[in-house]
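Visitor: When you get a sec, could you give me coordinates for this:
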Amino acid sequence: MKLLLVGSAGGGACKSTLCVRLAESLSKRSIATCVVDLSPWPTAHLLADERTAVIRGTGASSSIGAESILRPYRESHQLAIIDTGRLDEPELQAWLPLLDGVLLTTGMSLHAINSLPKAWTGIDRLRNTNSQAKRLGLLPVQTTASDHGTLAKLRVRFPGQFMDQEIPFDAEEPRRVQRTCLHGVSAEFDSRRKAARYWDDIASHVMSELGLQAKVPVAEQKTETKGVLSRLWKESLRRLKGGPKVTAGVSTA
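Guide: Got it, this is the predicted structure:
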């Protein structure tokens, strides 16, 4: 199992939405993915449907404790996406040695932009603790049409750090959380929504960067096994009844 950390310099950068939608998109590609929620105010479980496992990862004081939380999911899942509140959260320390990649999100507000250098410093500090953690890049969260101009300036200011993909602000997501809190039922995400193709693009990027490959189905092996068992069962019944033995289409008494 590989571990991907999704973080930001501050809150409100669509981290939980990204984690859940990315997990769903990867699962549709036969890459079983779960979400580890380290946020002080967890919301990932409100966005996910019943097919996406959301694990509460708080309480681990060391990497051994983090491993014990992941142990029940290691055999059945290829990727765990860690949803954290901030990069300096104390809960994150236990998970740092286990990371395979780090992905950063940011809003287009002035506060978020001014926090970017600090965020990159935080990621470099994480990578000093764990050199194998790969920096996957920075995902911008655009809320208005005017953000496109701001993003163009940021690409010039921070060359090579922004990813080609982006996260559109989808007003339906906060409504989903509200409905889940009020009624306890979260409707399945509509794959026809415009935002769906963005999650697919990000999923392709993550697969490429982390070297993830979909598991090959073993349906043919199961069919062959079933055929062998069926022939053995018929042969056993024949011997019990004392009928003729069938060998390669020739009957022998």
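
Visitor: Share the number of residues neighbouring Pro72, please.
Guide: 11 (other CB atoms under 10 Å). (C-beta placed from N, C-alpha, C; glycine too.)

Visitor: now do the one 3 residues further on
Guide: Taking other CB under 10 Å as the neighbour definition, Glu75 ends up with a count of 8.

Visitor: May I have the phi/psi pair for it?
Guide: phi -70, psi -30 (degrees, to the nearest 10).

Visitor: Show me what counts as buried in the host helix or strand of His111.
Guide: For His111, the host element (DSSP states H and E) is helix 110-114. For helix 110-114, burial by neighbour count (16 or more other CB atoms under 10 Å) applies to 112-113.

Visitor: Start the count at 22 instead of 1 going forward.
Guide: Fine by me, first position is 22 from now on; the one you just mentioned is helix 131-135.

Visitor: Can you get me the centre-to-centre distance for it and its chain?
Guide: 27 Å (CA atoms, centre = their mean, to the nearest Å).

Visitor: Alpha carbons only: can I get it in CSV?
Guide: Extracted as CSV, the C-alpha positions of helix 131-135 are listed here (Å, rounded to 0.1, in the frame of the first residue of the first chain):
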residue,chain,number,x,y,z
LEU,A,131,-4.5,36.7,-0.8
HIS,A,132,-4.0,34.8,2.4
ALA,A,133,-3.5,31.5,0.7
ILE,A,134,-1.1,33.0,-1.9
ASN,A,135,1.0,34.6,0.8
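
Visitor: Quick check: mean pLDDT of that helix?
Guide: Averaging pLDDT along helix 131-135 yields 74.

Visitor: Strands along the stretch 22-171 of the chain, start to end?
Guide: In the stretch 22-171 of the chain, the strands defined using DSSP state E, counting those that start in this stretch lie at 23-28, 54-58, 75-77, 100-104, 122-128, 155-163.

Visitor: Out of these, which gets nearest to Asp222?
Guide: strand 155-163 (10.4 Å; CB to CB).

Visitor: now the closest one against strand 122-128, angle please.
Guide: 20 degrees (axes from the mean of the first three to the mean of the last three CA atoms, to 10 degrees).

Visitor: Contacts for strand 155-163 next, please.
Guide: 25, 34-35, 39, 121-129, 137, 144, 148, 168-169, 172, 175, 179, 182-184, 186-190, 223, 226-227, 230-231 (CB atoms under 8 Å, 6 or more residues apart in numbering).

Visitor: what's the answer for stretch 38-48, then?
Guide: By CB under 8 Å, 6+ apart, stretch 38-48 touches 27, 54-56, 65, 68-70, 72-73, 75, 100, 102-104, 124, 126, 160, 188, 191, 194, 210, 216-217, 220-221, 223-224, 227-228, 233.

Visitor: rewinding a little: and the buried ones among the contacts of strand 155-163, selectable in PyMOL?
Guide: Per 16+ other CB under 10 Å, the buried members of these correspond to this PyMOL selection:
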select buried, resi 25+34+35+39+121+122+123+124+125+126+127+128+129+137+144+148+168+172+175+183+184+186+187+188+190+223+226+227+230+231
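
Visitor: buried ones in stretch 135-155?
Guide: 136-137, 140-141, 143-144, 147-148, 151, 154-155.

Visitor: From the residues you listed, pick the one nearest Arg50.
Guide: Using CB to CB, the buried residues of stretch 135-155 come closest to Arg50 at Lys155, 19.8 Å.
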